[in-house]
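Participant: Give me the fold of what follows.
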Amino acid sequence: MRDRFDLDEEITREEALELVKRLWNRVFSAAKSSPSLLIISFLLSLSLWIFVTDSENSRRVDGVPGLVSVIPVNVAPDLAVVNVPSGLKIYAAATSDRWDSLTAADFQASLDLSDYGEGEHLIDIIPHISFGNKTSVRLVEVEPSQILINLESRITKLVIPGSRLTGSLASGLELGAIKFSTPEVSVSGPKSRIELIDSVAVWLDVSDMQSTSSRFLSFHAFDMNGSEIGGISISPPSGEVQVEIARNRSIRQVPVSLLISGIPKSGYRISDVRAYPAVVELSGPQEFINEVNKIYTEDVDIGGESEYVSKRVALTLPSGIGILGGASDQKSFVTVTIDIVPILVETSLQLEVTPNNLGEGLALTEPARVVIDIMGPIELISDLSPQAITATVDLFELSAGSHNVKVVVTLPEGLTVENIGSLTVDLVVVE
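Facilitator: Numbers count the residues shown, from 1 in each chain. Reported below is the predicted structural model:
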C-alpha cells in the first residue's frame, strides 16, 4: 500500500518487490506457452528492481532547514486556543539534488480542531502535515510527534485605547492631546488571557515629531505590569492616531526655593535645607517664562521639630507655565530635606577633684581643684547641676612628693569637655 507521504511516482523497495512479484506471477502464467516471453519478463523485473534500489540508496535523510508553523483551524466560534503551538522540526528523505532547494516552506501543518471541545487535548501531528511540492521527497519523522492543545471559552470586551510614549520631543516643543479615530477597540481570546488585560495602547515614538500629525499604528494589549499579552485578537488591529504638538514654548532652567514656616523646638536650629531636584526646567510662553527667576515650593511647616525632616512638596507654578515633560493638569513635586540640630553653648565650671587610691599614711597638702569648659545643647547646659559632674584622679602607687596627675571627668550624655585629653592637676602628697 502506498504511503500517503510518498511523493512523485517514486516507490520504496518493499513496493518494488511487491510489484515485481505480481508482475512475475502474471507473466509466468502467460509465458508457459512462450519460453521467450518468460525470459524477457524476468529481465524486465530485474531491471525494475535494480532501478528502484539504486534510487532508494541515493536518497538522503535529514532535518529540513527551518521550522514548520502549526496553524489551528476550524476552532469552534465560542472557543479559543490558549497555547499557540510552536514550530515543528521535519525530517524527510529526498534525493541529493532536491535537498539544495528543500525548506520548511515546502510543508505546512494545519491542525483541524473541529472535533475538539473545551479542555486539554493531546493531538498527533503527522495526520495534519501536508506538502506543497512533492517532487522527490518523503516524510520520515516529525518532532514533536504530538502537541498538547488547550482550548478555553472565548470572551470579548471593549477597551478605550491609549498610548505608550517612546523617545522625546525636540527642545521648544510640547506634547498636546492624543486622539484616536477609534474610540474603543474589541479584544477577543481565551478567557484567562482577556482577564489579564489592563490596557490596550499603541507605541508612539515622538522623537521625530515636529508638528501636529496623524499616523496609523497597531494596537497592543498589556497587563498591569506593562508586559505585552499575546495569543489574542484586537479589532480593529490598528487605528489612526492624531498627535498634537504645541510650538512657541520656551524652556528655561530655574532654581527651586523653599518656603519654610514655623520654628524648631526650643534649643534647636536649622543647619541646612536642600531640594531635589535643586533645578527644574520650565516650559511655557516666552513672555511669561522670562519673568520667572525661581520656583517656590508650597509651605513646609517645621514648627516644634527637633530632628531631620524629609517631605515631598508640590511646586507653586505661575499660570501658563509647566515643568518640561510633566502633565499640564497635574502637580509637580520635589523632595525637601531639612537638617535640624541642637543649639550648642559653652560654660565653665570649677570642680573639686576627688582623689582615689591614695596610699595608707599619705595625705594631700590641700584639696585640688580644676576648671573645665563644657559644651553641649542649650537645654542640657541650662539644666546642668554641678553634682552631675565628677572629676577624679588615680593616686595608686604614688609616694610623697609633688605630682602632675591626669584628671578624669564624667559628664551627662550629650555634653563634652574641651581639651579633656590634656586636663591635669598638680598635687603634693605628704606623709
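
Participant: the helices in the stretch 101-250 of the chain, which residues?
Facilitator: Counting by DSSP state H, counting those that start in this stretch, the stretch 101-250 of the chain has helices at residues 191-194.

Participant: most residues in a single strand of the chain, which one?
Facilitator: In the chain, assigned by DSSP state E, the strand with the most residues is strand 146-159.

Participant: Quick check: neighbours of it in the sheet, parallel or antiparallel?
Facilitator: Using DSSP bridges, strand 146-159 pairs in its sheet with strand 79-81 (antiparallel), strand 119-124 (antiparallel), strand 185-190 (antiparallel).

Participant: Most tightly packed of those strands?
Facilitator: strand 79-81 (a mean of 20; mean count of other C-beta atoms under 10 Å). Heads up, the C-betas are built off the backbone N, CA and C, glycines and all.

Participant: What is the neighbour count of the nearest residue to E141 once chain neighbours are set aside?
Facilitator: Using C-beta to C-beta, 6 or more residues apart in numbering and skipping residues adjacent in sequence, the residue nearest E141 is Y91, 4.1 Å away. Using other C-beta atoms under 10 Å as the criterion, Y91 is surrounded by 13 other residues.

Participant: do the one 3 residues further on as well
Facilitator: Summarising burial for A94: neighbours were counted as other C-beta under 10 Å, giving 22.

Participant: isn't it right next to T103, touching?
Facilitator: No. A94 lies out of contact with T103 (C-beta atoms under 8 Å); the separation is 11.6 Å.

Participant: Show me where the stretch 251-400 of the chain has its helices.
Facilitator: For the stretch 251-400 of the chain, the helices defined by DSSP H, counting those that start in this stretch cover 286-289, 378-382.

Participant: pLDDT of the first one, averaged?
Facilitator: Along helix 286-289, the predicted local confidence has a mean pLDDT of 76.

Participant: which helices and strands sit right next to that helix?
Facilitator: strand 250-257 (3 or more C-beta pairs under 8 Å, 6 or more residues apart in numbering; DSSP states H and E).

Participant: what's in contact with the strand it packs on?
Facilitator: The contact list for strand 250-257 (C-beta atoms under 8 Å, 6 or more residues apart in numbering) reads 171-172, 275, 277-286, 289-290, 292-297, 315, 324, 334.

Participant: now with 6 Å?
Facilitator: 171, 275, 278-279, 281-283, 286, 289, 292, 294-296, 324, 334 (C-beta atoms under 6 Å, 6 or more residues apart in numbering).

Participant: Just the closest of those to I343, please.
Facilitator: A275 (24.3 Å; C-beta to C-beta).

Participant: any idea how far that closest one is from G325?
Facilitator: Going from A275 to G325 by C-beta to C-beta, to the nearest Å gives 18 Å.

Participant: Tell me who's in contact with H220.
Facilitator: H220 makes contact with E228, according to C-beta under 6 Å, 6+ apart.

Participant: which residues pair with it across the strands?
Facilitator: The partner list for H220 in beta bridges (DSSP bridges) reads A201.

Participant: related to what we said a few turns ago, the longest strand of the chain: which residues count as buried?
Facilitator: 147, 149, 151-152, 154-155, 159 (16 or more other C-beta atoms under 10 Å).

Participant: what's the average pLDDT for that strand?
Facilitator: 90.

Participant: what's the answer for stretch 72-85, then?
Facilitator: Stretch 72-85 shows a mean pLDDT of 86.

Participant: Got a ChimeraX select line for the buried ones in the contacts of strand 250-257?
Facilitator: Burial among the contacts of strand 250-257 is assessed by 16+ other C-beta under 10 Å; the matching ChimeraX selection reads:
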select :275,282,283,289,295,324,334
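
Participant: wait, which of the contacts of strand 250-257 is closest to L259?
Facilitator: Nearest to L259, judged by C-beta to C-beta, of the contacts of strand 250-257 is Y296 at 5.3 Å.

Participant: so who does the closest one touch?
Facilitator: Contacts here follow C-beta under 6 Å, 6+ apart; on that basis Y296 touches 257, 259, 316.

Participant: do the same with S310
Facilitator: S310 sits next to T337 when contact means C-beta under 6 Å, 6+ apart.

Participant: change it to 7 Å
Facilitator: Going by C-beta atoms under 7 Å, 6 or more residues apart in numbering, S310 touches 335, 337.

Participant: Could you pull out the strands in the stretch 201-350 of the chain for me?
Facilitator: In the stretch 201-350 of the chain, the strands defined using DSSP state E, counting those that start in this stretch lie at 213-218, 220-222, 233-235, 238-246, 250-257, 260-261, 268-276, 279-284, 295-297, 300-301, 309-316, 322-323, 333-342, 344-352.

Participant: now the ones you listed in TSV, with distance to S422?
Facilitator: Compiled in TSV, these are given as follows (distance: least, C-beta to C-beta, whole Å):
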stretch	distance to S422
strand 213-218	78
strand 220-222	71
strand 233-235	82
strand 238-246	71
strand 250-257	46
strand 260-261	42
strand 268-276	29
strand 279-284	48
strand 295-297	48
strand 300-301	44
strand 309-316	39
strand 322-323	57
strand 333-342	26
strand 344-352	16
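
Participant: Can you check which of those gets nearest to S402?
Facilitator: Closest to S402 of the strands of the stretch 201-350 of the chain is strand 344-352 (C-beta to C-beta; 19.2 Å).

Participant: list the helices and strands that closest one packs on?
Facilitator: Applying 3 or more C-beta pairs under 7 Å, 6 or more residues apart in numbering; DSSP states H and E, one finds that strand 344-352 contacts strand 369-377, helix 378-382.

Participant: do that again at 10 Å, thanks
Facilitator: With contacts defined as 3 or more C-beta pairs under 10 Å, 6 or more residues apart in numbering; DSSP states H and E, strand 344-352 has these neighbours: strand 369-377, helix 378-382, strand 390-394, strand 416-417.
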